[in-house]
Structures are given as C-alpha cells and as structure tokens.
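Visitor: Build me a model from this:
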Amino acid sequence: MKGAAAVAEILKREGVEFLIGYPVNPVIEAAARADVRTIIVRQERVGLHMADAVSRLTSGRRIGVFAMQHGPGAENAFGGVAQAYGDSSPIVVLPAGFPRRLCGIPPNFSSVVAYRPVTKWIEQVMVADAIPDALRRAFTQVRNGRPRPALVELPTDVLAEEVPEPLTYRPTFATRTAPDPQAVTEVARVLVEAQRPVIYAGQGVHYARAWDRLRELAELLGAPVTTSLQGKSAFPENHPLSLGSGGRSVPRPVHEFLKEADVIVGIGCSFSITNYGVAMPKGKVMIHATLDPADLNKDVVADHALVGDAGLVLDALSAEVRDRLRSDRRDRREVAARVAQEIKTLRADWLAQWMPKLAADEVPLSPYRVIWDLLHTVDPATTIITHDAGSPRDQLSPFWESTVPLSYIGWGKTTQLGYGLGLAMGAKLVHPERLCVNVWGDAAIGFTGMDFETAVRERIPILSILLNNFCMAIELPIMEEATRKYRSTDISGHYADMARAFGGYGERVTEPAEIVPAIRRGIRATQEGQPALLEFITQKEITFSIFK
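Guide: Here you go, the predicted structure:
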C-alpha cells in the first residue's frame, strides 16, 4: 500500500474516528477512503483546537489528530500546536513535508525544525517503510507521561511510496507510574497533622480520571478543594468542601482559604506561574504531586514531592491517611462541617457583593447577567462549556458552577484569542448528546469567527455565546491615549447576521428580559442540528473578582 494509505490504516488501528485537517495533504484523502471521517476547517489553528478538545474530553483515551499541507499549512498551524503544548494536550500532528530533494533548502519551511520547542516528540520520516515505527513512537509519547503534542513530518514523495504488506502495526498502550511509598507516608503525616490544609487539583486529575479519589481524600481530611483553571470540574463545585476554581479571577473562598492555609497540596498540577492562574501564597508548607518531575521546584519550591499518576497518588495517599486517622484525636466530620460553614459564609457574602452585576437590569447588558442567566437556564450536568481569552474567561470562571467531570474546558497557560470555538466543536464531536457552549468576545470572534461556518457545514451544532461591547474593553486602561486619539480599541460587527449568512441560527439580544428566551431558542436550534450564535450587546465591563 502507499504511504498515505498506511498512515490512514494506522490511525484506524489507534482508534482515531476523526481526522481534522486542511488540504492539501494526501493523508486526508487516504483517511476518507479508509472510512475515517475527515473534517475540513477554514484555518489550521481551529482544527488543531478541535483535535485538542477530542483528547481532553476523553482524558487522552482517544487522541485528536490534525493533518495539514506542507509550507503555508504548516506555517499557519504553529499557534494551535503551541497552545496544546502550553496546556498539556496530547495531540498528534501530521504535516506534509516538501519532497525530500527540497527538504531543508531555504526558503522551504521545515516542521521538524520549527516545531521542536512546542512538541514533546518530533521526527521526519525519510523512507516509507519507516512510517509505522514513526507513528508508533508518536502515539506512545502522547499516551504516556506528560500529555503534550507529538509531530511527524511526512514528505509528500514518501507518502506516495510503497509500504511493505502486510502492515505490521499494533495499537499503542498507556502506562502509569506510582509515587515513592516512603514519600507518601511522609506526606500523609503532614496532611493529617495540618490544621488548615488546602487541596489544589490540576488537570492531571482529569487525565487520570481520579475524580472520585480526589473527593475521597478531601472528605477523609475534611479539607477544602480548589482547582486550577485547567482542573476546573475535577471536584464538584456544589460540594460543601469546594472553594471553586482559581484563575486570574477567583471566588472569595479560594483567596481566603489559600491565604490562611498552613499546608497546600497540589495534585496533578504543574504549579506554573502564570497571569491566568492563582498565585500560591508564600510561607506555606508546599506538597507537589505531579506526573512530570520537570515541574518540581520550577516555579514553586516544594517541601515534599510525589511523582506519579494522579490516580495512583490519590490511592496511595488515601490509604495512608485513613490508616493514620485511626489514631487522630480530631473528629473529621466536625472539621468538615466547620470548613463547609466557613466556605458557605464566605461564598454568600461574595455573591451578595456581585449580585448587582449578576442580576443587573440594565441596557447595554451586564456580561455577568448573561453568564448568570446562562448558568440558570442550561443543565450544567449535561453541558460542556469553555471560555475564550480575556474578559470572557475572567467573567465566566468564578461564577460558573461545574458539578460533573470534564464539563468545563479551562485553559490559560497561553491565551490565544479564538481558542474556545474549536474547543466547543471538538467537544461536540466527542459528546454529540450534550450541549456544548463557547463564551467569547468580539475580539475573539475576529480571529476565528469564519470557522462558525465549519460548524454549520460539518453538522456540529454548538451554542456560541458572544459578548459584544464593540470594544477591546480589557485594554482600555492601558491604551487610553491610543483610544482617545485613534479609537484603537474600537471594533464592530453584526455577528448574528454573520451566523445566519453561514446557515446557522443567529440572534442579537439587547434587552435583559430577552436573555433567557434567546438562550432557550438557541438551545432548541442546536437540538434540531443547527449551530447557534447568540450575540449579546453588553457594557464595557472591566471589573473582575480579583484579590491581591
């Protein structure tokens, strides 16, 4: 068989159901012939975002794959791979390459050179019979260890060459690593003796599918739980011990409990310093449990460390903690009740302060009112939601209550505008039975809005919530003169009209009383198979739930 056909057959054996891409790459046609659904996007970055969501929403059990043209296709795709690298998403990227006689000759773009800083594994295939080995290495890398992209560059002439038959290729497997038992014993002691421990859960809990085990440890200790933005929904936010998630903006309980903690244990997280994550306070005993030892002492100095799969870490910790609690004098049910009451009081006070914005009956609309009404109109347990960069992230994340795992796709290590649209489409591919929502602003839609047409054409009925204030509002305080002289923060568009022009459902909403009815109409459109874009005309809001 030809090299391209061999790639397609390997994808099938690896359980790949969708090949997302942009022509011309011979693998796309070969995949269609092999009955792998091909999905063609309007720009490469969005396709990579869709593949990213496929991997995230399955905890890496299914791998998102993207294929693109050599030259301009590979050049355009860089941002999507960099985003997946920054947020640790295990995708496989298959750029075509220039024919071997032209590889590496300027100005021909070389993916194997250019993508090295944003991939976990990268190689170029130079002979057709090496295709199976190269793809085996790539899939093994994304299924094991820290999840990040793997890239295999396939020169076009290699894809046209013959691969020996029968094709000998077995699907790759995933392995898990467990923490040092002596370190587990010491960490369990520290946690049991702590007076005000806080558990900080990252997206490693999602990849390990260790949600029940996280809850078990929290309830054993009577310890409150917060999550990173990427880890949001790893712990049910309607649980009495939930503090909410920690991004740039946070609920008050997150800030107060971290400030007052004596011990903070991070599980399945990197503790990376980012403007879009909660900062760890100084002077605490820090316990760092991570899959990747490269995270240790990188940004936050650890007093204790556990290296391993988050599920195995939690299994080991819970067993040790349970054993030590037999001789502990504190009534942990009483501890949990006291903590829960403190959380409840803090949250109630915080929400009371924000309720004027969350329930604002004003025109233009408060974006917080739109988010609050959205939360109370959909069923969060059957909804998957994601934000975009900037204001939508900071307005949505503190107030959205995630109650089931993998119902919120949080991100922010890098913050490319327009990322949320592809994530929502990828989520809908994985879970066609669920309502999949992206919340974005008028800046983000300027980057990737054309791919709403992809949702229409490819029959991916998502609900897109657009907050349109005709402005890059978050930049107003730092671009005062540019705005005054040149209106540099002004942007405009009638995006509901755009959605209808593409064949989707589009509606512009300007009145508070119409928010909920419009959301219901949008949901109904998605249930009938039509992507919906609801454009809410909002205030230039720049106030966020940020604590110093």
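
Visitor: So the closest residue to Ala210 other than its chain neighbours: helix, strand or coil?
Guide: Closest residue to Ala210 apart from its sequence neighbours, by C-beta to C-beta, 6 or more residues apart in numbering: Gly311 at 3.7 Å. The C-beta positions use only the backbone N, C-alpha and C, and glycine is treated the same way. The three-state assignment at Gly311 reads helix, by DSSP: H, G, I helix; E, B strand; the rest coil.

Visitor: same question, the one 3 residues further on
Guide: Leu314 falls in the helix class when you classify it by three-state DSSP.

Visitor: State the distance from it to Leu351.
Guide: Distance of Leu314 to Leu351, given as C-beta to C-beta, to the nearest Å: 30 Å.

Visitor: Have a look at those two and say which one is more surrounded.
Guide: Taking other C-beta atoms under 10 Å, Leu314 and Leu351 do not tie; Leu314 has more neighbours (29 against 14).

Visitor: Mind jotting down where the strands sit in the stretch 301-450 of the chain?
Guide: For the stretch 301-450 of the chain, strands defined by DSSP state E, counting those that start in this stretch occupy the ranges 304-307, 383-386, 408-409, 435-441.

Visitor: For the first one, output the C-alpha coordinates as PDB.
Guide: Put plainly, it is strand 304-307. Provided in PDB are the C-alpha atoms of strand 304-307 (Å, rounded to 0.1, in the frame of the first residue of the first chain):
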ATOM      1  CA  HIS A 304       7.500  17.500  49.800                       C
ATOM      2  CA  ALA A 305       7.100  15.900  46.400                       C
ATOM      3  CA  LEU A 306       5.300  12.900  44.900                       C
ATOM      4  CA  VAL A 307       5.900  11.900  41.300                       C
END
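
Visitor: Just list what it packs against, helices and strands only.
Guide: When contacts are defined as 3 or more C-beta pairs under 8 Å, 6 or more residues apart in numbering; DSSP states H and E, strand 304-307 sits against helix 181-193, strand 285-290.

Visitor: Next: the longest one.
Guide: Contact analysis of strand 435-441 by 3+ C-beta pairs under 8 Å, 6+ apart lists helix 367-375, strand 383-386, helix 391-396, helix 419-430, strand 463-468 as its packing neighbours.

Visitor: about what we covered before: which among the helices and strands packed on strand 304-307 is found nearest to Cys103?
Guide: Shortest distance between Cys103 and the helices and strands packed on strand 304-307, using C-beta to C-beta, is found for strand 285-290: 37.5 Å.

Visitor: Go through that closest one and flag the buried ones.
Guide: Val285, Met286, Ile287, His288, Ala289, Thr290 (16 or more other C-beta atoms under 10 Å).

Visitor: in the sheet, who's paired with the fifth one?
Guide: To tie it back to what came earlier, the one meant is Ala289. Ile267, Leu306 (DSSP bridges).

Visitor: That one reaches Asp309, doesn't it?
Guide: No. Taking contacts as C-beta atoms under 8 Å, Ala289 lies outside contact range of Asp309: 9.7 Å.

Visitor: The longest helix along the chain versus helix 181-193: what angle between them?
Guide: Ordering each helix of the chain by length in residues (DSSP state H) puts helix 332-358 first. Orientation of helix 332-358 against helix 181-193 (axes from the mean of the first three to the mean of the last three C-alpha atoms, to 10 degrees) gives an angle of 80 degrees.

Visitor: In helix 332-358, which residues are buried?
Guide: Arg332, Val335, Ala336, Val339, Ala340, Ile343, Leu346, Arg347, Trp350, Trp354, Lys357, Leu358.

Visitor: What is the burial count for the residue nearest to Lys413 when sequence neighbours are not counted?
Guide: Leaving aside its sequence neighbours, Lys413 sits nearest to Gly86 (C-beta to C-beta, 6+ apart; 3.9 Å). Neighbourhood size, Gly86 [other C-beta under 10 Å]: 18.

Visitor: Phi and psi next, for Gly86.
Guide: As for Gly86, its main-chain torsions (degrees, to the nearest 10) stand at phi -60, psi -40.

Visitor: got it, and the one 10 residues further on?
Guide: The phi and psi torsions at Ala96 (degrees, to the nearest 10) take the values phi -70, psi 160.

Visitor: Name the nearest residue to it, sequence neighbours excluded.
Guide: Nearest to Ala96 is His70, by C-beta to C-beta, 6+ apart, at 4.0 Å.

Visitor: So that neighbour sits against Phe98, correct?
Guide: Yes. Contact status for His70 versus Phe98: in contact at 5.4 Å, counting by C-beta under 8 Å.

Visitor: out of those two, which sits in the busier spot?
Guide: His70 (24 against 20).

Visitor: So the more buried one versus Val158, what's the distance?
Guide: 11 Å.

Visitor: okay, and the common contacts of these two?
Guide: Counting by C-beta atoms under 8 Å, 6 or more residues apart in numbering, the common neighbours of His70 and Val158 are Gly97.

Visitor: Mind picking the two most distant members of the buried residues of helix 332-358?
Guide: Farthest pair in the buried residues of helix 332-358, by C-beta to C-beta: Arg332 and Lys357, 37.5 Å.

Visitor: returning to that earlier point: out of the buried residues of strand 285-290, who's nearest Gly418?
Guide: Comparing the buried residues of strand 285-290 against Gly418 with C-beta to C-beta places Thr290 closest, at 29.7 Å.

Visitor: I'd guessed the closest one sits against Ala201; true?
Guide: No. Using C-beta under 8 Å as the test, Thr290 is too far from Ala201 to be in contact (11.8 Å).

Visitor: Tell me who's in contact with Pro90.
Guide: Taking C-beta under 8 Å, 6+ apart as the test, what Pro90 contacts is Ser55, Gly60, Ile63, Val142, Arg143, Pro147, Arg148, Pro149, Ala150.

Visitor: so is Leu243 in a helix, a strand, or just coil?
Guide: Leu243 ends up strand, using three-state DSSP.

Visitor: Please report the distance of it from Pro432.
Guide: 33 Å.

Visitor: Could you do Phe399 as well?
Guide: Phe399 is 27 Å from Pro432, by C-beta to C-beta.

Visitor: Give me the common contacts of His70 and Phe98.
Guide: Common neighbours of His70 and Phe98 (C-beta under 8 Å, 6+ apart) are Phe109, Pro155, Thr156.

Visitor: May I have the residues that are in contact with the second one?
Guide: Contacts for Pro155 were tallied using C-beta under 8 Å, 6+ apart; they are His70, Ala96, Gly97, Phe98, Pro99, Arg100, Cys103, Gln124, Val125, Met126.

Visitor: rewinding a little: so can I have TSV of the helices and strands packed on strand 304-307 showing distance to Arg484 and mean pLDDT?
Guide: What follows is the helices and strands packed on strand 304-307, written out as TSV (distance: least, C-beta to C-beta, whole Å; pLDDT from 0 to 100):
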stretch	distance to Arg484	mean pLDDT
helix 181-193	54	98
strand 285-290	45	98
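
Visitor: With respect to Ala210, which of the ones you listed lies nearest?
Guide: Taking the helices and strands packed on strand 304-307 one by one with C-beta to C-beta, strand 285-290 is closest: 10.8 Å.

Visitor: Can I get that closest one in PDB, CA atoms only?
Guide: Below are the C-alpha coordinates for strand 285-290, written out as PDB (Å, rounded to 0.1, in the frame of the first residue of the first chain):
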ATOM      1  CA  VAL A 285       4.200  24.000  53.500                       C
ATOM      2  CA  MET A 286       4.000  23.100  49.900                       C
ATOM      3  CA  ILE A 287       3.400  19.500  48.700                       C
ATOM      4  CA  HIS A 288       3.700  18.900  45.000                       C
ATOM      5  CA  ALA A 289       2.300  15.800  43.400                       C
ATOM      6  CA  THR A 290       2.900  15.800  39.600                       C
END
